[in-house]
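Q: Structure, please.
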Amino acid sequence: MSEKTAEKTFFVRTSSGLVREFGTFDTLLIASAAVFALTYTILQFPWYYGFNPGANLTYALLLTGIPFVLLMLIYWAMGVIMPRSGNDYVWVARIIHPAVGFAWSFLYMFSVFATAYVGGTAAFASAISTSVQTWGFLYNSQGTVALGTWLGAPIGGFALSIAITLCFAVLAIIGAKAVKSFLYVTWGTAVVGIIIMWFLLGTTSPVAFAAKWDTVLGQYSTYSGITALSAQQGWSPPTITIMGSLASLPFAALFLLGGNFANVMAGEVKNVKRTIPIALMMSLALGIIFWAVTATLTLNAVGPNWMYSLGYLWDNAPSAYSNLIPYAPTHTLILSLIAYPNQALIFLIIFTILVGSLPAPFVYFWIPSRYFFAWSFDRIIPTRMANVSKRFRTPYMSIIAITLLSIVILALYWFTSWPTAETIGTFLWSFSFVVPGIATMIFPFTKKDLLLMAPGFMRKKIGSVPVISILGFLTTICFLYIGYLALINPLIVTLTSYGAVLALGIVIGCIAVYYSSVAYHKKHGLDIELAFKEIPPV
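A: Numbering: from 1, shown residues only. A predicted model of the protein is given here:
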């Protein structure tokens, strides 16, 4: 059988059918959207400081940045050597084993999708709900408060989440030009929102903020009353230490996850050798800067001890908080109080936070469809999933599949105990990087012919071991440790039998699907395992 004939047989087509339409700046926007968004700030600071009283987020981010630099370096190698859709799946499947690659990538995709897209969409719905409630409260509109309350209820949140999902599906199918226009407009709005947020926080003192709080929310509790109630519940002013920040590593990691997800789009990226490293390393740097600056300015504006006490009350004594104040301690509320009574400015804050955050949930909806495409292209799942629209050049069947999956999981999220079971996805997200770390570690010894395609400094050796293997080893160790810390911390992961069975079921089910597909195709005269000796065509 000739090489050309083999390629036609092993893969669905002799070319992917996708077009490389995303440049360096586009890819940087995609990667950055996966790391930070304005809606992610809504309750992150009370959550972080309430559970980590001896930690400083800026210190923790700098410490956590070390394993994430290692992660971005190995994804840089993956993106340059195998620039295909479903990039890390292609990598793991061809270095370790196709069954491992399929099972790992499905579990990884599912955990990221369930945590980041479903959880992120719920957070976005919550941001809309609390923003509407805040507006109604500040301007004494009970109808607006009622609307915000309905949007925060399961039926309202589900309806809003489905509407967002369907809009994202249409945008994803229409294709690259529409996606890029969407990214530019929404990111432009986000930049305006960040500037306004940083300006307001940077020009506010705890004394000024306390006066605003007492004026608007004093009917429920004064600024000092929050600290007093927290003390009654067991809180005391913390001593900030490096060790306290180090102990918060799994929490800080949640602020930086996501930038490497852009690699899954590598098959549609121009000038990969330049684009991938810039997108990966810059998105990580921008993520650290965004979160560190926002956290520091927030603490300086409202007062560190007040934020720690607020977080403690919200996280550890929620009934005491809700009995006192009927509104969540959101960042939107804090910014709105600082801007009060300027109605136009408050509207601009809410508008830029909501519109400027849309890229994040879109990216987490859009990118997973490329895994379906890649699995289908290798014939593991039905080949229809690899269909590409001739007009839009998008894998429309894969996008339809991820849309249906979204609806199912959103229903589970809003109407069942799914949010509790879903927390295992947070652990799986961090822990999953152990597998590509192992693949990178053994890569130079199993795929020597491809090592020449790696970045030059990664091909160098320390003793007899290539630098790329050392990076893979260090990444594996770091994320084993982060995953372990997350797994044993009940504040991050709630272990449930349902969550454990779901994760194990996905792995076993994927392995069964893989070998069933192998057997099915062999019955029809095709050994698809031979395809995994090659990189899929462009």
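
Q: Quick check: Ala295 touching Leu57?
A: Yes: judged on C-beta atoms under 8 Å, Ala295 makes contact with Leu57 at a distance of 4.2 Å. The C-beta positions use only the backbone N, C-alpha and C, and glycine is treated the same way.

Q: Overlap of the contact sets of those two?
A: Between them, Ala295 and Leu57 share these contacting residues under C-beta atoms under 8 Å, 6 or more residues apart in numbering: Phe45.

Q: what's the following helix or strand after the helix or strand harbouring Met458?
A: According to DSSP states H and E, Met458 maps onto helix 456-459. Downstream of helix 456-459, the next assigned helix or strand under DSSP H and E is strand 461-462.

Q: Which helix or strand lies directly C-terminal to that following strand?
A: strand 465-466.

Q: Name the nearest residue to Ile155, ignoring sequence neighbours.
A: Leaving aside its chain neighbours, Ile155 sits nearest to Trp414 (7.7 Å; criterion: C-beta to C-beta, 6 or more residues apart in numbering).

Q: Excluding chain neighbours, what is closest to Val100?
A: Nearest to Val100 is Val92, by C-beta to C-beta, 6+ apart, at 6.4 Å.

Q: Quick one: residues contacting that neighbour.
A: Applying C-beta under 8 Å, 6+ apart, the residues near Val92 are 100-101, 104-105, 435-436, 439.

Q: make it 6 Å
A: Neighbouring residues of Val92 by C-beta atoms under 6 Å, 6 or more residues apart in numbering: 101, 104, 435-436, 439.

Q: now swap in Ala37 and tell me
A: 357, 360.

Q: confidence score at it?
A: Looking at Ala37, its pLDDT stands at 89.

Q: how much space between it and Gly234?
A: 33 Å (C-beta to C-beta, to the nearest Å).

Q: Which neighbouring elements make contact with the longest helix along the chain?
A: Ranked by residue count under DSSP state H, the longest helix found in the chain is helix 272-302. With contacts defined as 3 or more C-beta pairs under 6 Å, 6 or more residues apart in numbering; DSSP states H and E, the packing partners of helix 272-302 are helix 24-35, helix 57-81, helix 176-202.

Q: after it comes which helix or strand?
A: Immediately after helix 272-302, counting by DSSP H and E, sits helix 304-316.

Q: and that following helix, how far out from the chain's middle?
A: 25 Å (C-alpha atoms, centre = their mean, to the nearest Å).

Q: Give the phi and psi angles for the spatially closest residue to Ile81 that is not a sequence neighbour, as a check.
A: Counting by C-beta to C-beta, 6+ apart, Met453 is the residue found nearest to Ile81 once chain neighbours are left out, at 4.6 Å. Backbone torsions of Met453, given as degrees, to the nearest 10, read phi -90, psi -10.

Q: and what of Ser389?
A: Dihedral angles for Ser389 - degrees, to the nearest 10 - are phi -60, psi 130.

Q: what about the nearest residue to it once chain neighbours are set aside, neighbour count?
A: Using C-beta to C-beta, 6+ apart and skipping residues adjacent in sequence, the residue nearest Ser389 is Tyr396, 4.8 Å away. Other residues near Tyr396 come to 20 when the count uses other C-beta atoms under 10 Å.

Q: For the helix or strand where Ser224 lies, list every residue counted as buried.
A: For Ser224, the element it lies in under DSSP H and E is helix 223-232. Neighbour-count burial for helix 223-232 flags 223, 225-227, 229-230 (criterion: 16 or more other C-beta atoms under 10 Å).

Q: Ok, stretch 271-286 next?
A: 272, 275-286.

Q: Looking at that stretch now, give me its mean pLDDT.
A: pLDDT averaged over stretch 271-286 gives 96.

Q: How far does that stretch sit from its chain's centre?
A: 17 Å.

Q: For the closest residue to Thr446 other than its chain neighbours, which residues are in contact?
A: Of all residues not flanking Thr446 in the chain, Ile95 sits nearest, at 5.8 Å (C-beta to C-beta, 6+ apart). Counting by C-beta under 6 Å, 6+ apart, Ile95 touches 439, 443, 446.

Q: so how far is Ile81 from Ile95?
A: In terms of C-beta to C-beta, Ile95 sits 10 Å off from Ile81.

Q: Repeat that for Phe168.
A: From Phe168 to Ile81 the distance is 31 Å (C-beta to C-beta).

Q: again, but for Asp214
A: Distance from Asp214 to Ile81, by C-beta to C-beta: 59 Å.

Q: Check Ala178 too.
A: Counting by C-beta to C-beta - Ala178 and Ile81 are separated by 30 Å.

Q: Who has more neighbours out of those two?
A: Per other C-beta under 10 Å, whichever of Ala178 and Ile81 has more neighbours is Ile81, with 23 against 15.

Q: quick one: the more buried one and Leu451 touch, right?
A: No: assessed by C-beta atoms under 6 Å, Ile81 is found out of contact with Leu451, at 8.4 Å.

Q: so which helix or strand takes in the residue nearest to Val100?
A: helix 87-95.

Q: What's the first helix or strand after that helix?
A: helix 98-112.

Q: Now do that next one against helix 87-95, angle only.
A: For helix 98-112 against helix 87-95, the angle by axes from the mean of the first three to the mean of the last three C-alpha atoms, to 10 degrees is 160 degrees.

Q: How far off centre is helix 98-112?
A: 16 Å.

Q: what helices or strands is that helix leaning on?
A: helix 87-95, helix 424-431, helix 497-523.

Q: Repeat the analysis, applying 10 Å as the threshold.
A: helix 87-95, helix 369-377, helix 396-415, helix 424-431, helix 434-446, helix 497-523 (3 or more C-beta pairs under 10 Å, 6 or more residues apart in numbering; DSSP states H and E).

Q: Just want the angle from the last one to helix 87-95.
A: What that stands for is helix 497-523. Using the same axes, to 10 degrees: helix 497-523 against helix 87-95 is 60 degrees.

Q: next one: the third one
A: Computed with the same axes, to 10 degrees, the direction of helix 396-415 lies at 110 degrees from that of helix 87-95.

Q: picking that back up, which residues touch the residue nearest to Ile81?
A: 77, 80-83, 273, 447, 459, 535 (C-beta atoms under 10 Å, 6 or more residues apart in numbering).

Q: Thr58 now?
A: 245, 252, 288, 291-296, 299.

Q: now do the same end-to-end measure for stretch 376-389.
A: 15 Å (C-alpha to C-alpha, to the nearest Å).

Q: okay, and for the stretch 301-450 of the chain, where does confidence drop off?
A: Within the stretch 301-450 of the chain, the stretches with pLDDT under 70 are 417-426.

Q: related to what we said a few turns ago, among the contacts of Thr58, which one sits closest to Glu21?
A: Ile288 (29.0 Å; C-beta to C-beta).

Q: Pretty sure that closest one sits against Ile66.
A: No: using C-beta atoms under 10 Å, Ile288 is not in contact with Ile66; the gap is 11.1 Å.

Q: higher neighbour count, the two?
A: Ile288 (21 against 12).

Q: Pro490 versus Ser322, what's the distance?
A: With C-beta to C-beta as the criterion, Ser322 and Pro490 are 21 Å apart.

Q: Neighbour count: these two, which is higher?
A: Ser322 (13 against 9).

Q: give me every residue that touches Ala360.
A: Contacts of Ala360 (C-beta under 10 Å, 6+ apart): 32-40, 116-117, 120-121, 123-124, 186, 190, 258.

Q: should've said Trp150
A: 129, 132, 156-157, 159-160 are the contacts of Trp150 under C-beta under 10 Å, 6+ apart.

Q: For those residues, work out which two are farthest apart.
A: Val132 and Ala159 (14.1 Å).

Q: Between those two, which is the more surrounded one?
A: Val132 (21 against 15).

Q: quick one: contacts for Ala279?
A: 22, 24-32, 72, 75-76, 79, 259-260, 262-263, 265-266, 269.
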